[in-house]
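Chemist: Pasting the sequence and the predicted coordinates here, then a few questions.
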Amino acid sequence: MGWVSNDNEHEGWAAPVAPDGRLSAASTIEGMLVEGITGRYLPDKMMPDREAVPDREIIGWRGACTCGWRGELWERVSSPADADFSRRREYLAPTEYAHASSEVEDAIHDEWKTHLAPLEAVAGVKAAAREYEQAGRRLDKTVAAAKAAGASWADIGRAVGISRQSAHERWADRS
């Protein structure tokens with residue numbers, strides 16, 4: 001299960017990690033599917049460009065995003081005594097499907113949201129800039145209409161909060 005950003009530009013997930021570092025985004029009954037064929041694992045029948053890494057061989061999980069971002073590794077440990085959430089170590093029995101626990105998945109989701117925070121802030125700037133540009137065009141058209149209707153540069157300047165001279169300099173060539 002993954003997460004999608006507000007702008008639908010990013011999708012993130014808790015990716016199981018194969019021993020060679022490849023990340024999985026899907027699974028089958030045979031294991032976690034990873035891109036590429038090394039010959040070490042069975043190729044998937046439905047996606048022949050992927051191999052199925054057995055669940056018992058998954059070494060941990062990390063956050064992944066379609067933009068290429070990768071989070072830090074959450075290590076899979078072989079004993080419950082070795083588990084330590086604060087050190088990014090999580091126990092999962094070798095017989096279990098190699099999906100991250102809900103606690104690890106929640107932590108990875110938080111990391112992914114932190115990764116997105118600057119991108120979403122910039123998206124807000126982009127939206128405000130677009131609105132600013134549209135308002136500027138609307139203002140230019142409204143000033144031209146006011147001038148065509150006989151308004152003086154002093155009247156237009158007062159309406160905008162600038163001097164007659166500034167209004168004339170800004171819009172004289174546009175009206």
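Modeler: Sure thing, it's come through.

Chemist: Show residues contacting stretch 131-148.
Modeler: The contact list for stretch 131-148 (C-beta atoms under 8 Å, 6 or more residues apart in numbering) reads 153, 155-156, 159-160, 167, 171, 174-175. All C-beta atoms are positioned from the backbone trio N, CA, C, and that covers glycine.

Chemist: Put together TSV for those, with neighbour count on each row.
Modeler: Below are those laid out as TSV (neighbours: other C-beta atoms under 10 Å):
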residue	neighbour count
W153	21
D155	14
I156	21
A159	14
V160	15
A167	23
W171	19
R174	10
S175	16
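
Chemist: From those, pick the one nearest D82.
Modeler: Distance to D82 across the contacts of stretch 131-148 (C-beta to C-beta) is lowest for V160, with 68.2 Å.

Chemist: Contacts only, for the nearest residue to that closest one once chain neighbours are set aside.
Modeler: Counting by C-beta to C-beta, 6 or more residues apart in numbering, A167 is the residue found nearest to V160 once chain neighbours are left out, at 6.4 Å. For A167, the contact set (C-beta under 8 Å, 6+ apart) comprises 143, 153-154, 156-157, 160.

Chemist: just A159 next, same as before
Modeler: Under the criterion of C-beta under 8 Å, 6+ apart, the contact partners of A159 comprise A146.

Chemist: Using CSV, write out every CA atom in the helix or strand harbouring it.
Modeler: Element membership of A159 [criterion: DSSP states H and E] is helix 153-160. As requested, the backbone C-alpha atoms of helix 153-160 are provided in CSV (Å, rounded to 0.1, in the frame of the first residue of the first chain):
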residue,chain,number,x,y,z
TRP,A,153,-4.2,58.5,-14.3
ALA,A,154,-4.7,60.2,-10.9
ASP,A,155,-8.0,58.3,-10.4
ILE,A,156,-6.4,55.0,-11.5
GLY,A,157,-3.3,55.6,-9.3
ARG,A,158,-5.5,56.4,-6.3
ALA,A,159,-7.5,53.2,-6.9
VAL,A,160,-4.3,51.1,-7.0
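
Chemist: What's the mean pLDDT across the helix or strand that comes right after it?
Modeler: The first helix or strand that comes after helix 153-160 along the chain, using DSSP H and E, is helix 164-171. Per-residue confidence for helix 164-171 averages out to 94 on the pLDDT scale.

Chemist: and helix 164-171, which residues are buried?
Modeler: Of the residues in helix 164-171, those buried by neighbour count under the rule 16 or more other C-beta atoms under 10 Å are 167-168, 170-171.

Chemist: What of stretch 61-72?
Modeler: By 16+ other C-beta under 10 Å, the buried positions in stretch 61-72 come out as 61-65, 71.

Chemist: V77: which of the residues you listed is nearest?
Modeler: Closest to V77 out of the buried residues of stretch 61-72 is W61 (12.2 Å), distances taken as C-beta to C-beta.
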